[in-house]
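1. take this sequence and fold it.
(one chain, ligands or ions: 1)
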Amino acid sequence: MSFAKLRLRPRLSSSDWQCKLAVLRAHTSHLSFRYINLRMKSESQVIVRPARNVRGSVSLPGDKSISHRYAMLAAIADGSSRLENYSTGADCASTLGCLRSLGVKWEHKKDTSDNVIEVQGSGPMLAAPGEALDCGNSGSTIRMLSGIVSGQNFTSELSGDESLSNRPMARVITPLTVMGARISSQDGRPPLRIAGGNLKSIHYRMPVASAQVKTCLLFAGLLADGEMCIEEPLRTRDHGELALRAFGAQLERKGNEVRIRGGQRLQGIETRIPGDLSSAAFFLCAAALFPNSKLTITNLLMNPTRARLLDVLIQMGLRISVTQLEELHGELVGTLQVEGGQLTGATIAGGDAAALIDEIPVLAAIAPYTRKGIEVRDAKELRVKESDRIASIAANLRAMGAQVEELEDGLKIPGGQSPRGAELESFGDHRIAMAFSIAALRAQGETLIRGSQCAAISYPAFFSTLEELVEH
Ligand code: S3P
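-> Sure, this is the predicted structure:
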C-alpha cells in the first residue's frame, strides 16, 4: 500500500489549510489505507478495505464546538488564556485566522504535542480588520463570530468557501438586525458585510433550533445594552452557555429561555478541551459493526446535550460503560469502554434529530448492517449543512447497492442488507467522507472515496487513527 501527498483545491490553500494538511500528512505517512493522488485534479481519494474487527484505545483532539467558543471568548476576555487539546480541524483554524485579522494575538505552542493555543485577550473591543474575515468551510465561525463583530464599532466582511457561500445566514442576520447591526448579504448567504456597534438587547424566539444561532446571540447580548433573552424551540447543545460561565459571565436559564446581561467583562482561563464526541461517533459506529470489537476512548466529552448518540447506540445493542467521569468548566469528561453486540435499529425523530444532527450521517451509513434498519425524520436541517446530507447519504448508499428511501426531512434505510464496496463521493463534506469510510469496513470489496481530504475540516488524523484501530 502506498501513500501519496494530498493536494488542495487552490481556493482552500490558505496558510491555515497548509498547516492542517501538514498535520494530516504527518499522521498518514504510514497508512495501509491507500491514498491516491490525482495529480491533475488535485483531489485526494482513499481506498478502504473491509475489516474483521475494531480494537484499541484512542484519545481524540478537542471538541470542535467548544474550541470555537473558547477561542472567541478568550479573544474578547481580559488577560490570557491557555487552551490545551484545541481542535486540530481546519474549521477551528479558520476561527483563529479570523481572530488574528481582528487584532487578537494568539500563539500555537509548538513545544507540546497537545495542540496548545495561548490567546492574549483584547478585551471586548477588537480592531477593525484590514481584510475580509475568511471563515473557510466553517458555519460555526461565520455565525458565532457575526455576534461578536455586530458588537464592534467598525464594519467587517465575513466570507467563506463555495460550500459556506451557499449556507443560510438569515437565521443570524434577522435577530442581529433587530438588535441594531446593519448587515448586507447575498440574498441571505455569505459574504456578510456587518456594520456593528450600539447593539440593544432583545427578547428573541428562535424559529430554528440551532446552537450556533443561540451562541451568536449570547455573544451579541454580552456586547449589547440591557438584558438579552433567547428562547429556543428545543434545548440545543449548551456549550455557549457553559463557555460564557467558564470565562466568568453570569447567565440565567429557565426552561428553554436563556438570559444574559450586556457589559459583563470576561476573564481568561486555562483549561483542557475534552475529546470531540462527534469525531468519536465514527469509531463508536465502527465498533458497532463488529460483535467482537473492544474500544476505549479516553478524555471524551460527555456533555448530556451532546451524548444522545450513546443512548441510541446502547439501545441498538452496543455495550458502553463510562468511567473516570469528571467536570471541567461545566463540561463532563469521561472514559468510554465499548464492546460490540448485535445491532438492532433505531428511529431518530423530533428532538433526537436535532440532538444527533452531526451523528446522523454515520448512523445512516451503518444502517444497512443493522437488523431492523434506521429511520430518520424531522432532520430537514441536514439539507443545509456542508452538503445536502440527506442527498449525499442516499447517493452513496445507492452506489453501494443498498436500498434507501429519501424523504424531504430524512431517510428510511432498511436493515439486513449487504452493501458492496463502491466508488463514492465525499461531496466535499467531512462528515460524509468519514461516515462512508466506516460503512466501507463491512462492505463486500474495497471502497474508494473521492475528495477524502475534506476529513481535515474537523479531524485531520481521522484515517490514520482508524487504521490503527481496525484489524483486517
Ligand atoms: C454546532 C451546532 C450545529 C452543528 C454544528 C456545530 C455548534 O449546527 O451541526 O456542527 O457548535 O453550535 P446548528 O446550530 O446549525 O444546528
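2. where does the stretch 201-350 of the chain dip in pLDDT?
-> Within the stretch 201-350 of the chain, not a single segment meets pLDDT under 70.
3. what does it put close to the ligand?
-> Taking C-beta under 6 Å from any ligand atom as the criterion, the stretch 201-350 of the chain approaches the ligand at residues 210-212, 215, 237. In short, each C-beta sits where N, CA and C put it, glycine included.
4. and for stretch 100-119, what are the contacting residues?
-> 61-62, 71, 74-75, 80-88, 96, 99, 120-122, 126-127, 129-131, 133-134, 149, 156, 268 (C-beta atoms under 8 Å, 6 or more residues apart in numbering).
5. what's the nearest residue to the residue of the stretch 1-150 of the chain found nearest the ligand if we skip its chain neighbours?
-> Using C-beta to the nearest ligand atom, residue 65 is the residue of the stretch 1-150 of the chain that sits closest to the ligand, at 3.2 Å. The shortest distance from residue 65 to any residue other than its chain neighbours is 4.9 Å, reached at residue 239 (C-beta to C-beta, 6 or more residues apart in numbering).
6. just to revisit the earlier point, backbone phi and psi for the residue of the stretch 1-150 of the chain closest to the ligand, please?
-> When read as degrees, to the nearest 10, the backbone of residue 65 gives phi -60, psi -40.
7. hmm, residue 139 and it touching each other?
-> No - look at residue 65 against residue 139 with C-beta atoms under 8 Å: they stay out of range, at 11.3 Å.
8. more neighbours: which of those two?
-> More neighbours surround residue 65 than the other of residue 65 and residue 139, with 27 against 21 (other C-beta atoms under 10 Å).
9. need the distance between the two termini of stretch 179-198.
-> One end of stretch 179-198 to the other measures 9 Å (C-alpha to C-alpha, to the nearest Å).
10. over to stretch 415-430?
-> When the termini of stretch 415-430 are compared using C-alpha to C-alpha, they are 25 Å apart.
11. just the mean pLDDT for it, thanks.
-> Mean per-residue pLDDT for stretch 415-430: 98.
12. got the buried residues for that stretch?
-> 415, 417, 419, 421-422, 424-430 (16 or more other C-beta atoms under 10 Å).
13. one more: stretch 337-346?
-> For stretch 337-346, using 16+ other C-beta under 10 Å, the buried residues are 338, 340-341, 343, 345-346.
14. gap between it and the chain center?
-> How far stretch 337-346 lies from its chain's middle: 24 Å, per C-alpha atoms, centre = their mean, to the nearest Å.
15. likewise stretch 197-208?
-> On C-alpha atoms, centre = their mean, the centre of stretch 197-208 falls 25 Å from that of its chain.
16. now do the same end-to-end measure for it.
-> Terminal residues of stretch 197-208 are spaced 26 Å apart (C-alpha to C-alpha).
17. how about it: buried residues?
-> 199, 201-202, 204, 206, 208.
18. closest one of the residues you listed to residue 165?
-> Among those, residue 208 lies closest to residue 165 (C-beta to C-beta), at 19.5 Å.
19. part of a helix, is that closest one?
-> No - under the criterion used here (DSSP: H, G, I helix; E, B strand; the rest coil), residue 208 is coil, not part of a helix.
20. could we number from 21 for the rest of this?
-> Understood, numbering begins at 21; the last thing we discussed is residue 228.
21. residue ranges of the helices in the stretch 71-220 of the chain, please?
-> Ranges of helices in the stretch 71-220 of the chain, per DSSP state H, counting those that start in this stretch, are 84-96, 110-121, 159-169, 190-199.
22. now do the shortest one and helix 159-169, the angle between them.
-> Direction vectors for helix 190-199 and helix 159-169, defined by axes from the mean of the first three to the mean of the last three C-alpha atoms, to 10 degrees, enclose an angle of 0 degrees.
23. what's the answer for the first one, then?
-> Using the same axes, to 10 degrees, one finds that helix 84-96 and helix 159-169 are set 20 degrees apart in direction.
24. name the helices or strands packed onto helix 84-96?
-> On a contact count with 3 or more C-beta pairs under 8 Å, 6 or more residues apart in numbering; DSSP states H and E, helix 84-96 meets strand 100-104, helix 110-121, strand 125-129, strand 136-140, helix 159-169, helix 231-242, helix 259-266.
25. for the record, mean pLDDT for the fourth one?
-> Along strand 136-140, the predicted confidence averages to a pLDDT of 98.
26. over to the second one?
-> Taken as a whole, helix 110-121 carries a mean pLDDT of 98.
27. using CSV, write out every CA atom in it.
-> The C-alpha atoms that make up helix 110-121 are tabulated as CSV, following Å, rounded to 0.1, in the frame of the first residue of the first chain:
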residue,chain,number,x,y,z
ALA,A,110,-9.3,23.3,9.7
ASP,A,111,-12.6,24.9,10.9
CYS,A,112,-11.2,25.9,14.3
ALA,A,113,-8.1,27.1,12.5
SER,A,114,-10.4,29.4,10.5
THR,A,115,-11.7,30.8,13.7
LEU,A,116,-8.2,31.6,14.9
GLY,A,117,-7.3,33.1,11.5
CYS,A,118,-10.3,35.5,11.7
LEU,A,119,-9.4,36.4,15.3
ARG,A,120,-5.9,37.3,14.1
SER,A,121,-7.4,39.6,11.5
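28. now do the buried residues in it.
-> 110-119, 121.
29. now look at that helix and say if it contacts the ligand.
-> No - Helix 110-121 stays clear of the ligand (C-beta under 6 Å from any ligand atom), getting no nearer than 8.6 Å.
30. from the buried residues of stretch 435-450, which land in strands?
-> Judged by DSSP state E, the buried residues of stretch 435-450 include 444-445 as members of strands.
31. can I get the buried residues of stretch 435-450 in a markdown table with distance to the ligand?
-> Converted to a markdown table, the buried residues of stretch 435-450 look like this (distance: C-beta to the nearest ligand atom, whole Å):
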| residue | distance to the ligand |
| --- | --- |
| 435 | 26 |
| 437 | 27 |
| 439 | 26 |
| 441 | 29 |
| 442 | 27 |
| 444 | 22 |
| 445 | 20 |
| 446 | 16 |
| 447 | 16 |
| 448 | 15 |
| 449 | 11 |
| 450 | 10 |
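32. and which of the buried residues of stretch 435-450 is nearest to residue 206?
-> Nearest member of the buried residues of stretch 435-450 to residue 206, counting by C-beta to C-beta, is residue 448, at 19.4 Å.
33. got the phi and psi for the closest one?
-> According to degrees, to the nearest 10, residue 448 has phi 60, psi 20.
34. ok, it touching residue 471?
-> Yes - Residue 448 lies in contact with residue 471 (C-beta under 8 Å); the separation is 5.8 Å.
35. now what about stretch 396-403, what contacts it?
-> Identification of contacts with stretch 396-403 by C-beta under 8 Å, 6+ apart yields 228, 230, 367-370, 373-374, 377, 380-381, 383-384, 408-411, 427-432.
36. show me which of these are buried.
-> Buried members of the contacts of stretch 396-403, counted by 16+ other C-beta under 10 Å: 228, 230, 368, 373-374, 377, 380-381, 383-384, 408-410, 430-432.
37. in strands, which of those residues fall?
-> Per DSSP E, strands hold the following members of these: 368, 430-432.
38. now the strands for the stretch 271-420 of the chain?
-> Along the stretch 271-420 of the chain, counting by DSSP state E, counting those that start in this stretch, strands occupy 271-274, 277-281, 290-292, 314-321, 339-348, 351-359, 365-368, 393-396.
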